Every structure is written in structure tokens, then in C-alpha cells.
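Undergrad: Model the following, please.
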Amino acid sequence: MKFAEVKSRAFSMPLTSPAYPKGPYHFVNREFLVISYRTDLDALRALVPEPLEVADPIVKFEFIRMPDSTGFGDYTEAGQVIPVRYKGAEGAYVHAMYLNDESPIAGGREIWGFPKKLADPALRVEKDTLLGTLDVGSVRVATGSMGYKHQTLDKAKVKAALEAPNYLLKIIPDVDCSPRICELVRYQMTNVVVKGAWSGPAGLELTSHALAPVAGLPVLEVLSATHILSDLTLGLGTVVHDYLLVKD
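TA: Residues are numbered from 1 along each chain as shown. Coordinates of the predicted model:
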């Protein structure tokens with residue numbers, strides 16, 4: 001294979017059989033269970049990188065069911081998202097994600113810098129309850145529950161929240177394990193169609209795990225829960241801060 005062909009084909013690994021196709025990536029009937037809770041402010045500030053700012057001790061634990069996604073197929077993920085500010089504007093920092101499909105793990109990490117790890121999340125309806133779970137091996141590390149469709153929410157407000165900017169810390173190592181890429185990446189959802197949105201009473205329980213430390217942001221008080229059914233496109237990212245170029 002000639003130099004020019006390597007360069008023209010290089011997108012993802014492996015070169016001759018990429019783990020995922022090029023985007024954009026559109027999701028149909030993407031379903032969210034988002035449980036907002038109050039946690040320890042010092043613990044949050046120790047985890048969120050500058051120049052992002054934490055104002056309130058709030059975390060959103062998300063269980064997301066994706067039955068139809070371009071290039072990535074059918075999978076489920078769960079994780080923690082932290083409301084932040086960047087240059088005075090409201091947004092969210094994606095702190096941790098756990099999912100059960102290799103293709104979106106590879107694509108999410110390589111393209112945007114999503115902090116994805118392999119695990120076994122699930123989101124399902126059990127009688128009158130929407131139930132989200134996250135298992136790492138044989139250990140249940142998160143259980144979230146919500147009363148099924150108790151109150152209907154304003155779709156326009158939910159759409160605006162889904163379209164807000166999100167931030168990621170993208171880290172790619174060099175061959176000597178020093179950072180080759182260390183960037184703050186911003187991305188947003190586009191083509192958002194909210195098919196339904198509801199709230200209800202909620203509960204959330206987190207368990208300590210050495211390699212899935214979701215309990216490091218403890219649940220002090222459950223504040224609210226939202227159930228969303230939507231179509232949307234995952235927008236590609238923009239680098240807003242390069243830690244290797246910008247001096248402290």
C-alpha cells in the first residue's frame with residue numbers, strides 16, 4: 001500500500017476494516033432517563049477541568065437507550081454529566097460513560113473524546129416504573145428508577161436543553177504514553193425532534209467500584225427525573241482549548 005493510499009484511507013483503526021463509518025450519526029427513538037441529584041461540591045470541582053467552571057453541586061445520571069443509530073447500531077449507555085459554565089455560558093461536562101457496544105466506544109473516544117468504557121447498562125419499563133441499571137461485570141454499580149410518565153413536560157424546553165453545548169476532555173496518548181492530544185472539545189446535538197417528555201418521582205443508588213467510580217460523586221439528594229423520547233443527530237466537535245499549546 002502506497003503512502004498516498006494510507007493517507008487517503010486513514011480515518012479509524014484498523015486501517016483496512018475501521019471500527020465505525022464516518023458520520024454524521026443520526027439516532028431514531030433515542031430514549032433518556034436523566035436523574036438529577038445533589039452531590040459534594042468539592043468532589044465536583046476536583047474532577048471538572050479548567051477552563052470549565054462548576055457553579056452548583058449538581059450531577060445528572062443518564063441512562064440512554066439507542067435502538068437505531070447510524071453506524072453504531074443498537075446499544076445502551078449510562079453515565080454522569082455535570083452542569084458547567086464556559087466563558088459565562090451554560091453547558092455540560094461529560095464525566096463518565098459506560099456502554100455495551102464496541103463501535104460507539106471506539107468512535108466516541110477517537111472522534112470526540114467521550115470517556116467511554118465497556119460495561120452492561122440497561123433501560124426498560126417494569127410495570128409502572130422506568131428502570132435504569134448499570135452493571136460492571138457481576139457488580140451492580142447504579143440503579144435509577146422513575147414513576148412512568150407521571151407528568152408531561154414542555155417539549156420546547158426539553159429540546160432547548162438537548163441542544164445546549166456539551167464538553168469533553170479528549171486525550172490520545174503518544175507511543176511513549178505521554179499525551180499526544182489533550183483538548184477540551186465542544187459538541188452539540190442537532191436536528192432534535194422531541195417525541196415525548198415526562199417527569200415523575202425518582203430514586204438513584206450508586207455503589208462503589210474500583211474501575212467504575214460513579215459513587216465518587218455521592219447521591220446526597222435526588223432532585224428530579226426526566227424521561228425523553230427523541231430523534232437527533234450527534235454533531236461533530238470543535239476544539240475550544242488545547243492543553244498542550246496553551247500555557248497555564
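Undergrad: Please name the residues that touch the residue lying closest to Leu99 once chain neighbours are set aside.
TA: Excluding its sequence neighbours, the residue lying closest to Leu99 (C-beta to C-beta, 6 or more residues apart in numbering) is Glu77, at 3.6 Å. The way it works is simple: take the backbone N, C-alpha and C, and place the C-beta from them, glycine included. Applying C-beta atoms under 8 Å, 6 or more residues apart in numbering to Glu77 gives the contacts Glu62, Phe63, Ile64, Met66, Met97, Tyr98, Leu99, Asn100, Pro104, Lys116, Pro121.
Undergrad: for Gln151, same thing?
TA: For Gln151, counting by C-beta under 8 Å, 6+ apart, the contacting residues are Trp198, Ser199, Gly200.
Undergrad: In the chain, what residue spans correspond to helices?
TA: Listed in chain order, the helices of the chain (DSSP state H) span residues 3-9, 41-47, 102-107, 155-162.
Undergrad: Quick one: closest of those to Val34.
TA: Distance to Val34, taken as C-beta to C-beta, is lowest for helix 155-162 among these, at 9.2 Å.
Undergrad: tell me the mean pLDDT for that closest one?
TA: For helix 155-162, the mean per-residue pLDDT is 97.
Undergrad: who's in contact with it?
TA: By C-beta under 8 Å, 6+ apart, helix 155-162 touches Met189, Val192, Val194, Gly196, Ala197, Thr226, Ile228, Ser230, Leu232.
Undergrad: Perfect, that will be all.
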